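In: Mind folding the following:
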Amino acid sequence: MIILKIFLFTKKKLFITFFVFLIILILFFILFKSEYSDIGLACNSEISVDFIEKINNLTKEDEKIAYLTFDDGPTASITPKILDILKEENIKATFFVIGKSVEANPEIVKRAYEEGHYIANHTYSHNNSILYKSPESFIDEIKKTDQAIGNAIGIENYCSHLFRFPNGFMAPLYKSKKEEAVSLLLEMNYAYIDWNCLNNDSMKKYTTNQLLNNLIESCKNKNTLVILMHDTKDVSDSSLVLKDSISYLKSQGYEFKNFYNLIPCNK
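Out: Below you'll find the predicted structure:
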């Protein structure tokens, strides 16, 4: 009788232990998926004022953080090379993609997303005359890009909440139109961000040494960096100097992050 009671008690204890373990496992899966998958990346999720303020004041932070960002892709010739290097270095970056290029290379966008990189919006056409033709045209460019990204990565009603103006908001071209567009972005639950560091890979043809020196000069005396590069080879090819750029930034004490570290965790 005593042996039976001990057996039943032990069996009950094992069952409770297993049940608790199962609950912990489920919670871990939910939290892991929330942090690295589609949390906050739907059109019906709202960005907070805190998120907008963090984006607006990001480069004023005192921490030595480097946010690698790549514009104008994806491209079949360069983006996979950059992804290979980032994977080798265990660095997560942010890709500001063009919608029509996403449609041409959906498997590359899917790979970038699945490897933990942030997929952000850089318009559908990257054509200012189309983008600023009317408020409706601006909204359409954003939404078409969101749809292309969502189709590529398998998230319905995708919204990255993060936008970069072609040529940047700071550029004087179409300045008044950009200022009008900011309110449209807010209505679509979008913040926008420029950069404060670059290697000038889109300006003219540079050697790899020149690209690295451009980056070193550009980041001088700065703490938090939002670094502009391009995953294209239209002018200069940043994939050729990416490893050296990462090595230099690490030697200067920079920690690498992407915008998943800032986006609000809500669906």
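In: Helices along the protein, start to end?
Out: Secondary structure of the chain (DSSP state H): helices located at 2-36, 49-56, 79-89, 99-104, 106-114, 128-131, 135-153, 175-187, 208-218, 242-251.
In: among those, which gets the worst mean confidence?
Out: Comparing mean pLDDT over these, the weakest stretch is helix 2-36, at a mean of 51.
In: ok, back up a step: any idea which of the helices of the chain gets closest to C159?
Out: helix 135-153 (5.5 Å; C-beta to C-beta). (Each C-beta comes from the backbone N, C-alpha and C, glycine too.)
In: returning to what we had before: how about the helices of the chain, which one is nearest T224?
Out: Across the helices of the chain, closest to T224 is helix 49-56 (C-beta to C-beta), at 10.8 Å.
In: tell me the contacts of the residue most central in space within the chain?
Out: In the chain, the residue lying closest to the centroid (C-alpha atoms, centre = their mean) is Y118, at 2.5 Å. Neighbouring residues of Y118 by C-beta atoms under 8 Å, 6 or more residues apart in numbering: K92, A93, T94, F95, S160, L162, N258, F259, Y260, I263.
In: quick revisit: would you turn the helices of the chain into a markdown table with distance to V226 and mean neighbour count?
Out: Shown next, in a markdown table, are those (distance: least, C-beta to C-beta, whole Å; neighbours: other C-beta atoms under 10 Å):
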| stretch | distance to V226 | mean neighbour count |
| --- | --- | --- |
| helix 2-36 | 21 | 10 |
| helix 49-56 | 10 | 14 |
| helix 79-89 | 16 | 18 |
| helix 99-104 | 21 | 20 |
| helix 106-114 | 18 | 19 |
| helix 128-131 | 22 | 16 |
| helix 135-153 | 20 | 20 |
| helix 175-187 | 17 | 14 |
| helix 208-218 | 11 | 17 |
| helix 242-251 | 13 | 17 |
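In: among the ones you listed, which is nearest L225?
Out: helix 242-251 (7.7 Å).
In: tell me what that closest one is packed against?
Out: helix 79-89, helix 208-218 (3 or more C-beta pairs under 8 Å, 6 or more residues apart in numbering; DSSP states H and E).
In: what about stretch 196-206, how long is it end to end?
Out: 20 Å (C-alpha to C-alpha, to the nearest Å).
In: Kindly apply the preceding question to stretch 55-64 instead.
Out: 16 Å.
In: buried stuff in that stretch?
Out: I55, L58, T59 (16 or more other C-beta atoms under 10 Å).
In: And it, how far out from the chain middle?
Out: 16 Å (C-alpha atoms, centre = their mean, to the nearest Å).
In: So that it lines up with my notes, have the first residue be 719 from now on.
Out: In the new count, where the first residue is 719, that last one comes out as stretch 773-782.
In: if we look at that stretch, which residues are touching it?
Out: 785, 880, 909-911, 914, 940-944, 970-973, 980.
In: Show the buried residues in those.
Out: The buried subset of the contacts of stretch 773-782 (16+ other C-beta under 10 Å) comprises Y785, L880, A909, Y910, I911, N914, N941, T942, L943, V944, Y972, L980.
In: Point out the least confident member of those residues, please.
Out: L980 (86).
In: Quick check: the gap between the residue nearest to the centre of the chain and K893.
Out: Distance of Y836 to K893, computed by C-beta to C-beta, to the nearest Å: 27 Å.
In: Then L958?
Out: 34 Å.
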